[in-house]
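>>> my questions are about this predicted structure, shown below with the sequence.
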Amino acid sequence: MTTTTLAVLVPLLPFLGAAAGLLLGRTAPGYVRPLAVLPTLVAAVLAVVVAARQGGGPAIDAATRLTPTGSVPIDLALHLDGFAVLVAVLVGLVATCVQIYSTAYLRDDPRYPSYAALVSLFTAAMLLVVYSGDLMVLMVGWEIMGICSYFLVGHYWETPEARAASLKAFLVTKLGDVPFLIGLFALAADTGTFRITGILGAVANGGLDHPTVIALLLLAGVAGKSAQFPLHTWLPDAMAGPTPVSALIHAATMVAAGIYFVARLLPVFAESGAALVVLAVMAAVTMIGSGLAALAQDDIKRVLAYSTIGQLGYMSGALAVGDRGAAVFHLLSHGAFKAVLFLAAGVVIHAAGTNSLAAMSRMGGLAKRIPDAYWTMTVALLALAAIPPFAGFFSKEAVLVAAEHTALGDRHVAPAAAGWTVLVAGLLAAVLTAAYATRLWLLAFRGRGAEVPDHGKQPIAMTAVLWVLAIPTIAFGLTVGVITDWFDGHSLTPSVTTAVLSTGVALVGGLVTYGAWRHTTALAARTPVGAVVTHPDAEPALVEAEAMTHHTAGYGDTPGTPDPADPGRLLLGPLHRHAATGFHLDALYTQLFVRPVQAAASLVRFLDREVVDTYVRGSGTGARWLGTAVRRAQTGNVQTYLSALLAGSLVLAIAAVVFATVNAGA
């Protein structure tokens, strides 16, 4: 088969698997698991073959005209460059691991058939985005991912949290998609095509008339899809969905789509220095804000969610300084270790038999009960904290090196201000990343909360994929000198300055957090049984909840009791209560947008019921009254009818005489 034929099969196979799974889910449930795993697995193998054939050489393009659409045609086109084929391998690998993992994680879920089919459709949509050479076809995959995320995040629709989270994810991402679609039309109007190659050629020849407007419109969609400030608030709430879905969304699909889109069209954004500065500021705020928020979360999945937002901020920062190689390199590296982190967190929750132990302050005895999750999560957290020689170190260094070169004027793709913004924010975020990674490890595996109930050995389908994904987490960064052909020949080697600086600040962040944990642990050990430790910045509701929890027992003595040894509260101080709520952005959006919309809806409802319906009811009432009057006149008495006829004739005669007299006098 030709390379293009294999590339067509890569997104097609998961799509066919999804269709077959939906059709046979009820009638032939025995086929559900093979239809979930095998098409995705074969697609992943084919993606590897396509990547090997492409080999980092010139891009492979193929297209066929779908239908005449007027002045700007739409083509079913493939564009296979080094970035596309590597990202497709990541998507295939993570999606296959998620499908295998889900066969055990949702073994007894009655809605598993529809879940598996939606995961396959989700995978096919992301692969369509990755391989597409036409922006309108890309938009199809972009929107399919949006609706799949709505259904998958709301999988546990019986709970109000899942229903609210799915609706929020859908609405917030659609808020960004509206200007995104307008930006695509404006881009096509300027360049005369939706084809990516045609757009890049037009940009190279100076054919873009409104670069800043177009870039800012497109960035709105990217901010929504990739959860960047200020449209990031949907991602932490999306943790209400099944944990494997979180792994898929955070590691390989959905949030990666926005970063990949900007990388594909980076020359368009590079035409506007203002847009790059906006992207740099957006990335800086995202990195620092998400790091502070992660340091204050108690739910392990919400910590990882804010971590994803921050790591996507690094990728946006690399794009803001004009280095798409560093951005995609970190996207690939992050995809591997973030999938490990979420799937390992799923093992923790599965071992406990409930979602309630997602709270790290209530965890204890995990290292011995689930050793596979313990060791793989430890490796992934080291990669997240960018400790050498793990993959996260090399990819994060590539971002910082690109920012350094831009800041010092060695690269002229973006303004120096963008470089300094990304560099300073990246170093600050490195401290915070190491801090919350260390805190997560200490609370989850060294905490003094209740021990996880022993439900026996975890299924091999769940633990095996952790070790499969741990391999690229450990070794992917070491291939930095081999994969340069797939990255436009661009060197991704770390520099001594940024490597020493970023590793140093990461170690400082980790050590300070460890010291704070030792201090709070010693304080908790001296606390009498039944006492409650409070802090000056603690919210009243939290204090009351802790008091009720500890009414009859000391810390860690009763299942579900929280461990007070939280270094995050000590490190953040008065900032903790603000960071724990995501700096009240949801409350702000509620005041600015939700309540005005609800008030407008109430006004419309009032007008509809009290004004429009009043006229409708009035017309009906008038007709009914008229009918009643006419009905009463129909007595059935012939004498009455003749009397009425005689009286009417008399009235008409008198009227005729009067009328004739008046006319004669005139």
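Received it, and whenever you're ready, just let me know what you need.

>>> quick one: the strands in the stretch 51-200 of the chain?
In the stretch 51-200 of the chain, strands defined by DSSP state E, counting those that start in this stretch lie at 60-67, 74-80, listed in chain order.

>>> ranking these by mean pLDDT, which is last?
Lowest mean pLDDT of those: strand 60-67, a mean of 85.

>>> tell me which residues of that one come out buried.
60, 62-63 (16 or more other CB atoms under 10 Å). Bear in mind the C-beta positions are built from the backbone N, C-alpha and C, glycine included.

>>> which one of these is nearest Trp142?
Nearest to Trp142 among those: Ala63, at 18.9 Å, using CB to CB.

>>> show me what contacts that closest one?
75-78, 133-134, 195 (CB atoms under 8 Å, 6 or more residues apart in numbering).

>>> and it, how far from Ala7?
Here the criterion is CB to CB, to the nearest Å. By it, Ala63 lies 12 Å from Ala7.

>>> residues shared between the contacts of these two?
Common neighbours of Ala63 and Ala7 (CB under 8 Å, 6+ apart) are Leu78.

>>> next helix or strand past the helix or strand harbouring Gly426?
Counting by DSSP states H and E, the element that carries Gly426 is helix 416-446. Next in sequence after helix 416-446, counting helices and strands by DSSP H and E, comes helix 460-475.

>>> ok, Ala430 to Gly313 distance?
Taking CB to CB, one finds Ala430 at 12 Å from Gly313.

>>> more neighbours: which of those two?
Per other CB atoms under 10 Å, whichever of Ala430 and Gly313 has more neighbours is Gly313, with 31 against 27.

>>> I'd like to know which elements the helix or strand where that one lies is packed against.
Assigned by DSSP H and E, Gly313 belongs to helix 300-320. Judged by 3 or more CB pairs under 8 Å, 6 or more residues apart in numbering; DSSP states H and E, helix 300-320 is in contact with helix 234-237, helix 243-251, helix 255-264, helix 273-294, helix 324-352, helix 391-407, helix 416-446.

>>> so what angle separates the directions of the longest one and helix 300-320?
It refers to helix 416-446. Interaxial angle, helix 416-446 versus helix 300-320 (axes from the mean of the first three to the mean of the last three CA atoms, to 10 degrees): 160 degrees.

>>> show me which residues of helix 416-446 are buried.
By neighbour count on 16+ other CB under 10 Å, the buried set for helix 416-446 is 418-423, 425-446.

>>> repeat for the second one
Burial within helix 243-251, assessed by neighbour count using 16+ other CB under 10 Å, is assigned to 243-251.

>>> again with the fourth one
When burial is assessed from 16+ other CB under 10 Å, helix 273-294 yields the following buried residues: 273, 275-294.

>>> run the chain-centre distance for that helix.
From the chain centre to the centre of helix 273-294 is a distance of 17 Å (CA atoms, centre = their mean, to the nearest Å).

>>> returning to what we had before: identify whichever of the strands of the stretch 51-200 of the chain lies nearest to Met1.
For Met1, the closest of the strands of the stretch 51-200 of the chain is strand 60-67, at 13.0 Å, according to CB to CB.

>>> partners of the closest one, with directions?
Here strand 60-67 is paired, per DSSP bridges, with strand 74-80 (antiparallel).

>>> Gly291: what's it in contact with?
Contacts of Gly291 were listed using CB under 8 Å, 6+ apart, and they are 306, 310, 428-429, 431-433, 435-436.

>>> same question for Pro29.
With contact taken as CB under 8 Å, 6+ apart, Pro29 is in contact with Pro113.

>>> I'd say Ile196 and Pro267 touch.
No. Using CB atoms under 8 Å, Ile196 is not in contact with Pro267, being 10.4 Å away.

>>> more neighbours, the two?
Relative neighbour count places Ile196 above the other of Ile196 and Pro267, with 21 against 18, counting by other CB under 10 Å.

>>> list the contacts for the more buried one?
77, 79, 132-135, 264-265.

>>> from the residues you listed, which is closest to His412?
The nearest one, if we look at those relative to His412 and count by CB to CB, is Leu265, at 19.4 Å.

>>> wait, what's in contact with that closest one?
Contacts for Leu265 (CB under 8 Å, 6+ apart) come out as 196, 199-200, 218.

>>> ok so, going back, give me the angle between the helix holding Gly313 and helix 273-294.
160 degrees.

>>> extract the C-alpha set from helix 300-320 and format it as CSV.
Provided in CSV are the C-alpha atoms of helix 300-320 (Å, rounded to 0.1, in the frame of the first residue of the first chain):
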residue,chain,number,x,y,z
ILE,A,300,-5.4,14.2,42.8
LYS,A,301,-7.2,14.5,39.4
ARG,A,302,-7.6,18.2,39.8
VAL,A,303,-3.9,18.6,40.6
LEU,A,304,-3.2,16.7,37.3
ALA,A,305,-5.7,18.8,35.4
TYR,A,306,-4.1,22.1,36.5
SER,A,307,-0.8,20.5,35.7
THR,A,308,-1.9,19.9,32.1
ILE,A,309,-3.0,23.5,31.8
GLY,A,310,0.4,24.6,32.9
GLN,A,311,2.3,22.3,30.6
LEU,A,312,0.1,23.4,27.7
GLY,A,313,1.2,26.9,28.7
TYR,A,314,4.8,25.9,28.1
MET,A,315,3.8,24.7,24.6
SER,A,316,2.0,27.9,23.9
GLY,A,317,5.1,29.8,25.1
ALA,A,318,7.3,27.9,22.6
LEU,A,319,4.9,28.9,19.8
ALA,A,320,4.9,32.5,21.0
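
>>> what about the helices in the stretch 101-250 of the chain?
112-131, 135-153, 160-191, 196-204, 211-225, 234-237, 243-251 (DSSP state H, counting those that start in this stretch).

>>> find the nearest non-adjacent residue to Leu152, please.
Residue nearest to Leu152 in three dimensions, not counting chain neighbours: Val245, with 4.5 Å by CB to CB, 6 or more residues apart in numbering.

>>> how far does stretch 10-25 sit from the chain's center?
Here stretch 10-25 is found 23 Å from its chain centre; the criterion is CA atoms, centre = their mean.

>>> any buried residues in it, and which?
By neighbour count on 16+ other CB under 10 Å, the buried set for stretch 10-25 is 10-18, 20-22, 24-25.

>>> how far does stretch 380-392 sit from its chain's centre?
Centre-to-centre, stretch 380-392 and its host chain are 23 Å apart (CA atoms, centre = their mean).

>>> what's the answer for stretch 610-628, then?
Offset of stretch 610-628 from its chain centre (CA atoms, centre = their mean): 51 Å.
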